[in-house]
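Asker: Okay, sequence plus prediction incoming.
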Amino acid sequence: MNIIKSFIKLLPEEEALAHCDIPCGIYDPYVAQRAAHTILRMTQLLTDIKSGDPKKMAHDITRMTQVKEEHVELLEEELETLRNDYFKDEHFKTYANLNELFNKTLKAASKARQEINMDVAQEVLVGTQDIAEIFFKTKNVQPFRVKSVYPTGGEIVLHK
Amino acid sequence: MTLLAKFKVIGHSMEPEIKNDETVLATNIFYWFKRPKIGDIVAFREAGGILVKRITKIQDGNYFLAGDNQQDSLDSRKFGLIPREKIIGKIIYKQ
């Protein structure tokens, strides 16, 4: 036993963290939906941008693209939090399409970064809404869709 | 391919199984023959550092890792599912 302990002592040692946070248990698909609407709105604005003063165009495109990027980042973080932390095995069993829905929506989000594509931005929003509906169902509340008050004109999923 | 690695664990998230400041050994040998499974405590690389957590869920070949001490643990929520290649090895010994 002493030989083993001596051998272990000779091994180089690194630090491994077992650090701290408090899982709060508070989850909500609202932020992801708002981010999806923002991605759609920025894509709309980028699609409709009028040619004019090149300096102003470059300025506007940069700002819109930055906001689009930031909201894709936010959406990805929110969806990954729901997928990795909130949804459990039983949810993925009950809603057999849920994992595929996450994959599809996150891939579309990635594409929404790369392109100015309304169909893709719409796909991100639809996927996020479908995930939100499933989320509320797992909470045993009835989801419903209302027209958002955003300029995108799309819907938002709430619960009763 | 880690035959044997020694770590000093800093933090309380794996208590009572592994206490703060304990030394552990990790090996990858078991995972040459079979995949990591739910319940294994593993050391893995993430965000430029090394962490020690327990596998609590496996999804599409990726691993969700969480601390035993739920009141005091950083879990996969903060870094997403961990792919197999980030796992250094299974914790096999502590002192």
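Answerer: Structure's in. What do you need?

Asker: Can you classify residue 63 as helix, strand or coil?
Answerer: Using chain A. helix (DSSP: H, G, I helix; E, B strand; the rest coil).

Asker: quick one: the worst-scoring helix or strand of chain A on mean pLDDT to chain centroid distance?
Answerer: For chain A, counting by mean pLDDT, DSSP states H and E, helix A:2-10 ranks last in confidence among helices and strands (a mean of 79). Distance of helix A:2-10 from the chain centroid (Cα atoms, centre = their mean, to the nearest Å) equals 48 Å.

Asker: go on, stretch B:50-58?
Answerer: The offset between the C-alpha centroid of stretch B:50-58 and the centroid of the whole chain comes to 4 Å, using Cα atoms, centre = their mean.

Asker: Then stretch A:117-130?
Answerer: The chain centroid and the centroid of stretch A:117-130 are separated by 11 Å, computed with Cα atoms, centre = their mean.

Asker: hey, where'd the strands end up in chain A?
Answerer: Listed in chain order, the strands of chain A (DSSP state E) span residues A:13-17, A:143-147, A:155-159.

Asker: Show me what the second one is packed against.
Answerer: Meaning strand A:143-147. In this structure, strand A:143-147 packs against helix A:118-138, strand A:155-159, with contacts taken as 3 or more Cβ pairs under 8 Å, 6 or more residues apart in numbering or on different chains; DSSP states H and E. Just so you know, the C-beta spots here come from the backbone N, C-alpha and C atoms, and that holds for glycine as well.

Asker: Do me a favour and average the pLDDT over the longest one.
Answerer: Per-residue confidence for helix A:118-138 averages out to 97 on the pLDDT scale.

Asker: Extract the C-alpha trace of it and format it as CSV.
Answerer: Written as CSV, here are the backbone C-alpha positions of helix A:118-138 (Å, rounded to 0.1, in the frame of the first residue of the first chain):
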residue,chain,number,x,y,z
MET,A,118,-35.8,35.6,-44.4
ASP,A,119,-36.8,31.9,-44.8
VAL,A,120,-34.0,30.9,-42.4
ALA,A,121,-34.9,33.6,-39.9
GLN,A,122,-38.5,32.5,-40.1
GLU,A,123,-37.4,28.9,-39.5
VAL,A,124,-35.6,30.0,-36.3
LEU,A,125,-38.7,31.7,-35.0
VAL,A,126,-41.0,28.8,-35.8
GLY,A,127,-38.6,26.3,-34.2
THR,A,128,-38.3,28.4,-31.1
GLN,A,129,-42.1,28.8,-30.8
ASP,A,130,-42.5,25.0,-31.2
ILE,A,131,-40.0,24.5,-28.4
ALA,A,132,-41.8,27.1,-26.2
GLU,A,133,-45.1,25.2,-26.7
ILE,A,134,-43.5,21.9,-25.6
PHE,A,135,-41.9,23.7,-22.6
PHE,A,136,-45.2,25.0,-21.4
LYS,A,137,-46.9,21.6,-21.9
THR,A,138,-44.2,20.0,-19.7
